[in-house]
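Q: mind looking at a prediction? Sequence and model below.
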Amino acid sequence: MEENRDEVFSRRVRAGKRTYYIDVRSTRSGGDYYLTITESKRTGESEREKFKIFLYKEDFEKFKTALLEALDYAYIELEKIDALPRDYFASDEEVSDIDSDDNADSENDDKGF
């Protein structure tokens, strides 16, 4: 698969009609890394829409900080209205098992890029 030659790490998150891919990729020279975050969503029987975000290393910390702040805020507000997601209370071990399975599956998954 020529177009995925620069992919060095991948996670897939299935969420109903949507699937998110978080990939670490190396640059062509192989001397640097960046992230791609892709949302793939079913729009029909066999049709999919894809949206991609590229995140470069100089923005990693700002993005991480903002994402964690947003998640913390959302969880606090959801807890106030007793609407936390079911998997919020999953143990770290359960999440690791899910992540490992997703990572193994994603190597065989055709993302259609």
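A: Great, that's in hand.
Q: what is the mean pLDDT for the single longest helix found in the chain?
A: If you go by DSSP state H, the chain has its longest helix at helix 60-80. For helix 60-80, mean pLDDT rounds to 95.
Q: hmm, who's touching it?
A: Helix 60-80 is contacted from outside by Leu35, Leu55, Leu84, Pro85, Tyr88, using Cβ atoms under 8 Å, 6 or more residues apart in numbering. Glycine gets a C-beta too; all of them are placed from N, C-alpha and C.
Q: check contacts around the residue nearest the centre of the chain.
A: Geometric centre of the chain, nearest residue: Ile22, 3.4 Å, by Cα atoms, centre = their mean. By Cβ under 8 Å, 6+ apart, the contact list for Ile22 reads Ser10, Arg11, Val13, Leu35, Thr36, Ile37.
Q: part of a strand, is it?
A: Yes. According to DSSP: H, G, I helix; E, B strand; the rest coil, Ile22 belongs to a strand.
Q: using pLDDT, spot the least trustworthy of the contacts of helix 60-80.
A: Where pLDDT dips furthest among those: Tyr88, at 77.
Q: contact partners of stretch 29-48?
A: Residues outside stretch 29-48 that contact it (Cβ under 8 Å, 6+ apart): 8, 17-27, 49-57, 60, 111-113.
Q: in helices, which of those fall?
A: Phe60.
Q: and the residue nearest to the centre of the chain, bridged to which residues?
A: Assessed by DSSP bridges, Ile22 has beta-bridge partners Arg11, Ile37.
Q: picking that back up, next one: the longest helix of the chain to chain centre, how far?
A: 16 Å (Cα atoms, centre = their mean, to the nearest Å).
Q: just to revisit the earlier point, drop anything exposed from the contacts of Ile22.
A: Ser10, Leu35, Thr36 (16 or more other Cβ atoms under 10 Å).
Q: quick one: low-confidence parts of the protein?
A: For the chain, the stretches with pLDDT under 70 are 1-5, 91-113.
Q: repeat that with 90
A: Applying pLDDT under 90 to the chain flags residues 1-7, 16-17, 28-31, 42-46, 79, 82, 84-113.
Q: returning to that earlier point: buried ones among the contacts of stretch 29-48?
A: Neighbour-count burial (16+ other Cβ under 10 Å) applied to the contacts of stretch 29-48 gives Thr19, Tyr21, Ile22, Asp23, Arg25, Leu55, Lys111.
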